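> Task: produce atomic coordinates for the following.
(one chain, ligands or ions: 2)
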Amino acid sequence: MNPDIPLQLLGGLTAREFLRDYWQKKPLLIRQALPDYESPISADELAGLSLEEEVESRLVIEQGERPWELRRGPFNEDDFKALPERDWTLLVQAVDQFVPEVAELLQNFRFLPSWRIDDVMISFAAPGGSVGPHFDNYDVFLLQAQGQRRWKIGQMCDSDSPLLEHADLRILADFEQTDEWVLEPGDMLYLPPRVAHYGTAENDCLTYSVGFRAPSAAEVLTHFTDFLSQFLPEEERYSDAGIAPTADPHQIQRDSLDRLKALLTEHMGDERLLLTWFGQFMTEPRYPELVAGGELDEAEFFAGLKEGVVLVRNPSARLAWSEVDDDLLLFASGQSRLLPGNLRDLLKLICAADALHAENLSQWLADADGRKLLVELIKQGSLEFADE
Ligand code: SIN
Ligand code: CO
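Ligands and ions are numbered 1, 2, ... in the order given. This is a model prediction of the structure:
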């Protein structure tokens, strides 16, 4: 997509301007980002999703059994009947994986890497409903989809910001308001990580949170070193051939630290392994059990394609690709595949196309590597048949 075209979604800013001036830096209120947006899912349907075993959902009740009571789903119909008239919120995670029309919303965010997107969480709030003043460590676009919500934003927070004593929710003890708006359907608020925010429903309202993910430095270090260590033989150790005689045997000298740093740098700087780990990590599905795959009759599959069989990405799968030297890497739901450079357009197609069929796959169906890749992705569960 052209980064220099003004976008309604960004209030007339181009993607380039938004990324330069706002992304990860400061909040942006966008009136009618998606003009008169109509929620493809109703409050009742959202509540219906929260009854399902595989769906992650929460209820926050301001005056529940204790202040800001948090309950975790799956819920049942009686849970909803017993709720008070007002001041509660139902939050349902990753609705994009269950409702294709909600996944379509993500097409609007193609100016950002798709592997940075976490999910679309949808909240329904009764009048007065809120999850309290808090901050998140992630970027979020808060799209108003039904009813009105009053958003207040405040100070930049961090892990030292005082919180209320609460077992389950991270509610800020102090909220220093800087701005306040009432959002109508179609309005959207972008918040960078750590900005305090406090949204309260003016009336029955649905809010979509397009949330992003970024691993913490601690996660990167622990997970990458774990990954790396699988490839390192036991005999590779700290070594000090050529060591100078010690003046004091109890002292750890500078040259020992330098040897250690060299050992770390050599492995930490392995770009191929770093990329492999990162791609695998960033494409790990939220619900791995929904990317199960299974056996496949290959002959039947290729014959079926000619008869009009259509493949789609499993909505729970995550895909990304990259290149290293002359090879390509495809990351699919936590796994990586090293592929020959001539498959580049096929990888792009698999990652981006709404559907794969005999027509857009035609040039690849004669290619042994291309055929093998399609088969593997179906068996792994990242691709599936459209009518399933
Ligand atoms: C909500 O939709 O109620 C909460 C979203 C958020 O504050 O992150
Ligand atoms: Co939040």
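> Over to the residue of the stretch 201-350 of the chain found nearest ligand 1. Which of the three states is it?
Nearest residue of the stretch 201-350 of the chain to ligand 1, counting by Cβ to the nearest ligand atom: Thr207, 4.1 Å away. C-beta coordinates here come from the backbone N, C-alpha and C atoms, glycine included. With DSSP: H, G, I helix; E, B strand; the rest coil as the basis, Thr207 sits in strand.
> If it is in a bridge, with which residues?
Ser123, Gln144 (DSSP bridges).
> surely it meets Leu143?
Yes: the pair Thr207 / Leu143 is scored as a contact, 7.1 Å apart, by Cβ atoms under 8 Å.
> Give me the neighbour count for Pro285.
If you count neighbours by other Cβ atoms under 10 Å, Pro285 ends up with 20.
> show me what contacts it?
The contact partners of Pro285, by Cβ atoms under 8 Å, 6 or more residues apart in numbering, come to 291, 316-318, 333-334.
> Kindly report the same for Gly132.
Contacts for Gly132 (Cβ under 8 Å, 6+ apart) come out as 60, 62, 68, 164, 169, 171-172, 198.
> and with 7 Å instead?
Neighbouring residues of Gly132 by Cβ atoms under 7 Å, 6 or more residues apart in numbering: 68, 169, 171, 198.
> Tell me the pLDDT of the closest residue to His357 other than its chain neighbours.
Nearest residue to His357 in three dimensions, chain neighbours excluded: Val310, at 4.8 Å (Cβ to Cβ, 6 or more residues apart in numbering). Looking at Val310, its pLDDT stands at 97.
> Check Leu46 too.
pLDDT, Leu46: 98.
> Then Asp387?
77.
> Repeat that for Gln251.
Note for Gln251: predicted pLDDT of 96.
> if I look at it, how far off is Asp240?
Distance, Gln251 to Asp240, by Cβ to Cβ, to the nearest Å: 14 Å.
> returning to what we had before: the residue nearest to His357: neighbour count?
15.
> Stretch 184-197: end-to-end distance?
17 Å (Cα to Cα, to the nearest Å).
> Can you mark which positions in it are buried?
For stretch 184-197, burial by neighbour count (16 or more other Cβ atoms under 10 Å) applies to 184-197.
> ok, the residues you listed vs ligand 1, which is closest?
His197 (5.5 Å).
> what's near enough to touch whichever residue of the chain sits closest to ligand 1?
Distances between the chain and ligand 1 by Cβ to the nearest ligand atom are smallest at Ser123, namely 3.3 Å. Contacts for Ser123 were tallied using Cβ under 7 Å, 6+ apart; they are 89-91, 207.
> Next one: the closest residue to Gly147 other than its chain neighbours, what pLDDT does it get?
Leaving aside its chain neighbours, Gly147 sits nearest to Cys205 (3.1 Å; criterion: Cβ to Cβ, 6+ apart). Looking at Cys205, its pLDDT reads 97.
> Quick one: residues contacting Cys205.
125, 146-149.
> Out of those, which are close to ligand 1?
Ala125 (Cβ under 6 Å from any ligand atom).
> wait, doesn't Ile61 sit right on Glu69?
Yes: Ile61 is within contact range of Glu69, at 4.5 Å (criterion: Cβ atoms under 7 Å).
> And the protein, what are its domain boundaries?
Under the assignment automatic domain parsing, the domains of the chain span 8-212, 215-229+253-269, 288-385.
> thinking again about what came up before, measure the residue nearest to Gly147 to Leu260 for me?
For Cys205, the distance to Leu260 - Cβ to Cβ - is 56 Å.
> what do you get for Leu330?
Counting by Cβ to Cβ, the separation of Leu330 from Leu260 is 36 Å.
> quick one, which of the two is more surrounded?
Leu330 (24 against 13).
> Quick check: which element contains the more buried one?
strand 327-332 (DSSP states H and E).
> I'd like to know which elements that strand is packed against.
Using 3 or more Cβ pairs under 7 Å, 6 or more residues apart in numbering; DSSP states H and E as the contact test, the elements touching strand 327-332 are helix 271-282, strand 319-324, strand 335-340, helix 344-352.
> Now these in JSON lines, please, with extra columns for distance to Asp255 and mean neighbour count.
Listed next are these as JSON lines, based on distance: least, Cβ to Cβ, whole Å; neighbours: other Cβ atoms under 10 Å:
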{"stretch": "helix 271-282", "distance to Asp255": "27", "mean neighbour count": "17"}
{"stretch": "strand 319-324", "distance to Asp255": "34", "mean neighbour count": "17"}
{"stretch": "strand 335-340", "distance to Asp255": "38", "mean neighbour count": "16"}
{"stretch": "helix 344-352", "distance to Asp255": "46", "mean neighbour count": "17"}
